[in-house]
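# got a predicted structure here, sequence first:
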Amino acid sequence: MLRILADENIPLVREAFGQLGDVHLLPGRALSATTVRDADVLLVRSVTPVNAALLDGSRVRFVGTATIGTDHVDEDYLRRRGIRFAYAPGSNADSVADYVTAALIEVAARLHMTLRGRSLGVVGVGNVGSRVVRRALALGMSVLKNDPPLARVTSDPTYLPLDALMECDFVTLHVPLTRAGQDATYHLFDAGLLRQLKRGAVLINTARGAVVDNGALLAVLQSGHLAAAVLDVWENEPDIRAELLERVTIGTPHIAGYSLDGKVNGTVMLHRALCEFLGVRDEWRPEIHVAPPEDAVIELTAPAVATSSEPSADACLAAVATAVRHVYDIWRDDAALRCILNLPPHQRPQYFDRLRKEYPVRREFSRYTVCLRINVCPETAQVLEGLGFRVEVLRPVADADGPKMNDTEQG
């Protein structure tokens, strides 16, 4: 029987792959040349480097990573060995875009600013970056885009040089980690580029830790040049730099893409790829294992909505923020990571990994319906839909006893 070795953090991996072979689970950092040797199929996440050191002498003929990034995989080596490779591009793109939305809302609130009319620079406009662009536009932000590979392929003038984004109020990073070539991103944001950012700007990194020189970022934050930084990814994970965590406004343990929906999407994509490789029908369906959220309906009431006949834009933004916080409290993840500062240094890497392994269930905005009263700002439904929510507007129905709110109009 086919022997399938998988990272235990891949959701529903037994349910998905159990009909294809004998599934064995291990922590991702415990996958080694010894444990992998007798496997036919290897399924990993980003914590497992896949290279000659891991696979030489093994019988592995299919490798899948349930991630959108592949910087932990030596694809050239796999090609030379004739090992089929699959990954999950776009699987958790909505999850990361939801995270960035929450970060924008919370940092703006912390800095006592409104997002409407502010500028956002998006570096990397692929599966994730393109979704971030749509959400930012829905929030009323102006967006500048940078993506050199797409600029060359499309000749689209809306893709700007990186220098053109330096005056943005917010800059968010969504690029792969690459160390060679004309588009190398390793330490793309080094000391020089960080200093070019507008004074008072906010930097968000949910890509890979080493896209930003963490030492240089610490120095820039200490100098007060940036107003805030949001980091979900760190150099040298899981042994992250405590001094940097103390300085960032929001810090989380590489979980931006960790929605249940995004992780299950990754499992689905790897299962489909393995079935194709084996020449069998892909008949597994995850829906029977994933129930809708228990709190899937969000009813907005005062003070989240306005009570006047002409609701304000502030009320609109308050309603949007309430819906976002209902789904995802980013401060909870920040608080959990900051507990690492109370531990001795030698225990911190294990704690970082445990936060990821034991991450609570988080669902994506698209799994929720927001019920709005008719007296909310007319733009509220449009903004929420732009962020991915389903929307129902409650319409008043008059009867002998007075108006009632019982009719709905789906957005």
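Now that the structure is in, tell me what you want to look at.
# which non-adjacent residue is nearest P149?
Leaving aside its chain neighbours, P149 sits nearest to D183 (5.8 Å; criterion: Cβ to Cβ, 6 or more residues apart in numbering). The C-beta positions use only the backbone N, C-alpha and C, and glycine is treated the same way.
# may I ask which helix or strand encompasses the residue positioned nearest the centre of the chain?
When Cα atoms, centre = their mean is applied to the chain, the residue found nearest the centroid is V96 (1.9 Å). Assigned by DSSP states H and E, V96 belongs to helix 93-110.
# how about the strands in the stretch 251-400 of the chain?
Ranges of strands within the stretch 251-400 of the chain are 297-299, 369-373, 390-399, based on DSSP state E, counting those that start in this stretch.
# switch these over to a markdown table; also include distance to K263.
Shown next, in a markdown table, are these (distance: least, Cβ to Cβ, whole Å):
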| stretch | distance to K263 |
| --- | --- |
| strand 297-299 | 23 |
| strand 369-373 | 22 |
| strand 390-399 | 21 |
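# and of those, who's closest to N265?
N265 sits nearest to strand 390-399 of all the strands of the stretch 251-400 of the chain, at 18.6 Å, using Cβ to Cβ.
# which stretches of the protein have low pLDDT?
Residues of the chain meeting the criterion pLDDT under 70: 301-313, 374-377, 396-411.
# tell me the domain ranges of it?
Here the domain parsing of the chain from automatic domain parsing is 3-87+260-289, 93-251, 297-410.
# show me where the stretch 151-300 of the chain has its helices.
191-196, 214-223, 242-247, 260-278 (DSSP state H, counting those that start in this stretch).
# now, of those, which is deepest in the fold?
helix 260-278 (a mean of 21; mean count of other Cβ atoms under 10 Å).
# gap between it and the chain center?
Mean-position distance between helix 260-278 and its chain equals 18 Å (Cα atoms, centre = their mean, to the nearest Å).
# what's the answer for stretch 175-184, then?
With Cα atoms, centre = their mean as the basis, stretch 175-184 stands 20 Å off its chain's centre.
# may I see the buried residues of that stretch?
V175, L177, T178 (16 or more other Cβ atoms under 10 Å).
# other SSEs contacting the helix holding V96?
With contacts defined as 3 or more Cβ pairs under 8 Å, 6 or more residues apart in numbering; DSSP states H and E, the packing partners of helix 93-110 are helix 127-138, strand 170-173, strand 202-205, strand 228-231, strand 250-251, helix 260-278, helix 313-327, helix 330-338.
# tell me the buried residues in the first one?
Going back to what we said before, that points to helix 127-138. Of the residues in helix 127-138, those buried (16+ other Cβ under 10 Å) are N127, V128, G129, S130, R131, V132, V133, R135, A136, A138.
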